[in-house]
Each structure stands twice: as structure tokens, then as C-alpha cells.
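Novice: Quick one, what's the 3D model for this:
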Amino acid sequence: ELKFRGGHNDSLFDLINDAFLGKESPLASSEHSPHHRIAIFDSFGEVTSIITMSDVARHLNKHVDQLGDLAKKTITELGSPTKVLTLPQTTSAVDAFWAMSKQGMHAAALVDEKDAFVGMISDADLRGLNEESIQELLLPC
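Specialist: Next up, the predicted model:
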């Protein structure tokens, strides 16, 4: 199912706000959830490319000299989210995904018995899930 359509004349700012951030951006004109990949269409309705968040990050990195002071800001100054879901590494994957869903989060930090960070789990970990691997959701993260 196609979630968002971009056009060749959309600016990088438009893609970030309307496509990648969606309803999470106060400037967006879209009411959809954020997306990581955007299909770009020509005037005939044909898909000509797919742009990912990684593509945008590579582009910004390649042109960091054009970002000015923005490139020097700290993560705190950029206003990174401070809400973090932390779960014991022994939590089953299915319980971790349930907790993330209830909290409206897409990822969680996993910690050991001493609360030391040991890894992460995210909704991207569900990619490739099939009949053979679905039982793995019952295993610890």
C-alpha cells in the first residue's frame, strides 16, 4: 500500500515535513504516520525513484558545508526526543513490541540486570517476519 507520493518538484524541506515526519511535524500538510521511504512520481504517475531517510542523511553529509551553524548544534540543541522506553533484555520480543505500541514508540533500549545498555529493538526488526520465524517473537530480545 502506497503511503505517500512525492514529486520531482518537491523540495527537501517538503519531503522531510510532509513525507518523512507526516503528522509529527507541525508544518506538515499530511495526516499520515512518518515514513522511511517515499515513492517519487513523474507527471505521468510513474514511479521514477524511491527516496529514503538514509538518502537524505547522505545528501546532508555530502553538503555539510552548506548547513552552517546547524551542523554544529548538539543533539540537545536540535531538540531530540527525551522519552526512552527501557526494557530488560530478557523481555520477549512480542512483549517489547506490545510495550512500544502502547507507548507510541518505534524503538526501545535493552538493558541487562545492572541497567547497562546492551542493545535496541525496533519495529524495523519485524521486517522479513514469516511463518517460520514468527515463533522467535516469543524469545528474549
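Novice: Low-confidence regions, this protein specifically.
Specialist: Per-residue confidence of the chain (counting by pLDDT under 70) places the weak regions at 1-7, 19, 22-34, 80-82.
Novice: Spell out for me which residue occupies the centre of this protein.
Specialist: His36 (5.7 Å; Cα atoms, centre = their mean).
Novice: Spatially, what comes nearest to that residue if we skip its sequence neighbours?
Specialist: Met53 (5.2 Å; Cβ to Cβ, 6 or more residues apart in numbering). (Glycine included, C-beta is placed from N, CA and C.)
Novice: do you know how far that neighbour is from His59?
Specialist: Distance of Met53 to His59, given as Cβ to Cβ, to the nearest Å: 11 Å.
Novice: Settle it for me: which of those two has more neighbours?
Specialist: Between Met53 and His59, counting by other Cβ atoms under 10 Å, Met53 is the more crowded of the two (16 against 11).
Novice: could you show me where the helices are in the protein, in order?
Specialist: 12-14, 53-62, 93-103 (DSSP state H).
Novice: Nice, that's everything, thank you.
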